[in-house]
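**Q** no letters, just coordinates:
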């Protein structure tokens, strides 16, 4: 089955509720046509419609995918529309279930296909009724009423569908898109790497702007943001020469690049061309700024973030522009470095040295700060440590919830008396942690935002 029919858990829930509602409504018509006013044609059409809805519901539950059963449903609808006017003697009997057509079509198809099917169904209903009743017959008001109901249901269903798509797009952007650069963020990187886990030669590069804190302190946050955007543009220009690639902004001055099915030579070409491009000074608002970078590269199918970070740390330690991950590092340096990092995390939590940094987000049209992005940092011996060096490890050591909880409390405290809004980067571990949710709800209910 094509992946485009795969549904998220939220989409699956919404669609399941919708189809159950359709089944309940159709069941009412089955009861009415069987008990109150026996009508074999209507009863048959209702049974067929209910069977289609049940079939799609079961398929959704067991496969979590949208299916082609709506094509069968459309066929049943057209069949019913032909048979009912032909065999129905009571012209006053309202075909109220016809308004289900646009709802079902809009829910099971994408928005453009739904529009086309709704238009075709509406014209078909009109033509069949006119051919059967005659354009000047006494049934004309009934036809007008039926078409009016159909149009109203169509407008409602399409509005609902557009609203749902807009909401899902906004939600996806908030979860997976970086506000400043428009590149996918760390959450999207993790998701994409899981999908690429079966690709043996996936290359991941973690790239960091050297001494970015000094640039930020010297020129200010606005110039710092411009440098970050400029850095991302250089990456985009270099990546354009590769058929498959994806750029991510991780935290502050850190980027990542994925090259699926890449060789060592491909990575060499990419990183050397990129580093050559960064040697040209960046000019922002008349300031000529020298920007250099350090990169760590890992090629494989698993633990790419961890491996690329090991290579990055080694490159920085040895003052190299880039370094490839060497599996031999894992058995010696990795264990030692992880233990040292865990001790730093524990110490930082005990001494309240998990702190938020606030990255301002500017509106380029008004040149005003619109909101802030909160970024976690760890202080150790007066050194500021980036989350790429400790956050993933904290998740394995069970100290991660405490880090998130500190970030929530401190961020709300910081913005309690301001008019600015801010964003918090949360993941599924945060959403499912009971204590983290309690703290978040408490801060929201106390009006600290």
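**A** On my side now, so go ahead. Just so it is clear, the structure is predicted and the values come from calculations on it, not from any experiment.
**Q** and residue 377, how many residues sit next to it?
**A** Residue 377 has 18 neighbours, counted by other C-beta atoms under 10 Å. Any C-beta I mention is one placed from the backbone N, CA and C, and that applies to glycine too.
**Q** helices of the stretch 301-449 of the chain, start to end?
**A** With DSSP state H, counting those that start in this stretch as the criterion, the stretch 301-449 of the chain has helices at 304-317, 335-350, 391-397, 400-415, 428-432, 434-445.
**Q** tell me the buried residues in the second one?
**A** Residues of helix 335-350 classed as buried by neighbour count (16 or more other C-beta atoms under 10 Å): 337-338, 341-342, 344-345, 348-349.
**Q** could you dump the helices of the stretch 301-449 of the chain into JSON lines and include mean pLDDT and distance to residue 185?
**A** Formatted as JSON lines, the helices of the stretch 301-449 of the chain follow (pLDDT from 0 to 100; distance: least, C-beta to C-beta, whole Å):
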{"stretch": "helix 304-317", "mean pLDDT": "88", "distance to residue 185": "13"}
{"stretch": "helix 335-350", "mean pLDDT": "88", "distance to residue 185": "22"}
{"stretch": "helix 391-397", "mean pLDDT": "84", "distance to residue 185": "13"}
{"stretch": "helix 400-415", "mean pLDDT": "92", "distance to residue 185": "16"}
{"stretch": "helix 428-432", "mean pLDDT": "82", "distance to residue 185": "15"}
{"stretch": "helix 434-445", "mean pLDDT": "88", "distance to residue 185": "20"}
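**Q** tell me the most buried of those helices?
**A** Highest mean neighbour count among those (mean count of other C-beta atoms under 10 Å): helix 304-317, with a mean of 20.
**Q** okay, angle between that helix and helix 335-350 too, please.
**A** Inter-element angle recorded for helix 304-317 and helix 335-350: 90 degrees (by axes from the mean of the first three to the mean of the last three C-alpha atoms, to 10 degrees).
**Q** so which elements touch helix 304-317?
**A** Judged by 3 or more C-beta pairs under 8 Å, 6 or more residues apart in numbering; DSSP states H and E, the packing partners of helix 304-317 are helix 186-195, strand 202-209, strand 293-300, strand 322-324, helix 391-397.
**Q** can you list the strands that the shortest one pairs with?
**A** The pairing partners recorded for strand 322-324 under DSSP bridges are strand 293-300 (parallel).
**Q** what does the strand it pairs with contact?
**A** Strand 293-300 has contacts (C-beta atoms under 8 Å, 6 or more residues apart in numbering) with 200-210, 231, 262, 264, 267, 271, 274-275, 278, 304, 307-316, 320-325.
**Q** ditto for stretch 174-186
**A** 187-188, 191-192, 225, 228-229, 232, 246-251, 255-256, 359, 361, 371, 373, 423, 425.
**Q** repeat the analysis, applying 6 Å as the threshold.
**A** The contact list for stretch 174-186 (C-beta atoms under 6 Å, 6 or more residues apart in numbering) reads 187-188, 225, 229, 232, 247-250, 361.
**Q** same list, the helices of the stretch 301-449 of the chain, but as a markdown table with distance to residue 298 please.
**A** Output for the helices of the stretch 301-449 of the chain, formatted as a markdown table (distance: least, C-beta to C-beta, whole Å):
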| stretch | distance to residue 298 |
| --- | --- |
| helix 304-317 | 4 |
| helix 335-350 | 15 |
| helix 391-397 | 13 |
| helix 400-415 | 22 |
| helix 428-432 | 23 |
| helix 434-445 | 30 |
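**Q** with residue 291 as the reference, name the closest of those.
**A** helix 304-317 (15.9 Å; C-beta to C-beta).
**Q** what's in contact with that closest one?
**A** Contact with helix 304-317 is made by 193, 204, 206, 294, 296-298, 322-325, 329, 388, as judged by C-beta under 6 Å, 6+ apart.
**Q** taking these, tell me the two that lie furthest apart.
**A** Spatial extent of those (C-beta to C-beta) is set by the pair 193 and 294 at 21.1 Å.
**Q** return the item of the contacts of helix 304-317 having minimum pLDDT.
**A** Confidence by pLDDT is poorest for residue 329 among these, given 60.
**Q** ok so, going back, what about the contacts of stretch 174-186, which are in helices?
**A** Of the positions in these, 187-188, 225, 229, 232 sit in helices, assigned by DSSP state H.
**Q** which strand in the protein runs the most residues?
**A** Secondary structure of the chain per DSSP state E: the longest strand is strand 368-380.
**Q** which stretches of the stretch 101-250 of the chain form strands?
**A** In the stretch 101-250 of the chain, the strands defined using DSSP state E, counting those that start in this stretch lie at 202-209, 246-249.
**Q** show me the domain layout of this protein.
**A** Annotated domains of the chain cover 3-176, 180-325, 327-449 [automatic domain parsing].
**Q** quickly, which of these bottoms out on average pLDDT?
**A** Ranked by mean pLDDT, those bottom out at domain 3-176, with a mean of 61.
**Q** quick revisit: got the contacts of stretch 174-186 as JSON lines, with distance to residue 377 columns?
**A** Shown next, in JSON lines, are those (distance: C-beta to C-beta, whole Å):
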{"residue": "187", "distance to residue 377": "19"}
{"residue": "188", "distance to residue 377": "22"}
{"residue": "225", "distance to residue 377": "17"}
{"residue": "229", "distance to residue 377": "21"}
{"residue": "232", "distance to residue 377": "21"}
{"residue": "247", "distance to residue 377": "23"}
{"residue": "248", "distance to residue 377": "19"}
{"residue": "249", "distance to residue 377": "16"}
{"residue": "250", "distance to residue 377": "13"}
{"residue": "361", "distance to residue 377": "18"}
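**Q** of these, buried ones?
**A** 187-188, 225, 229, 232, 247-250, 361.
**Q** looking at these, which is nearest residue 172?
**A** residue 188 (9.3 Å).
**Q** and the nearest residue to that closest one once chain neighbours are set aside, how many neighbours?
**A** Closest residue to residue 188 apart from its sequence neighbours, by C-beta to C-beta, 6 or more residues apart in numbering: residue 176 at 4.0 Å. With neighbours defined by other C-beta under 10 Å, the count for residue 176 comes to 18.
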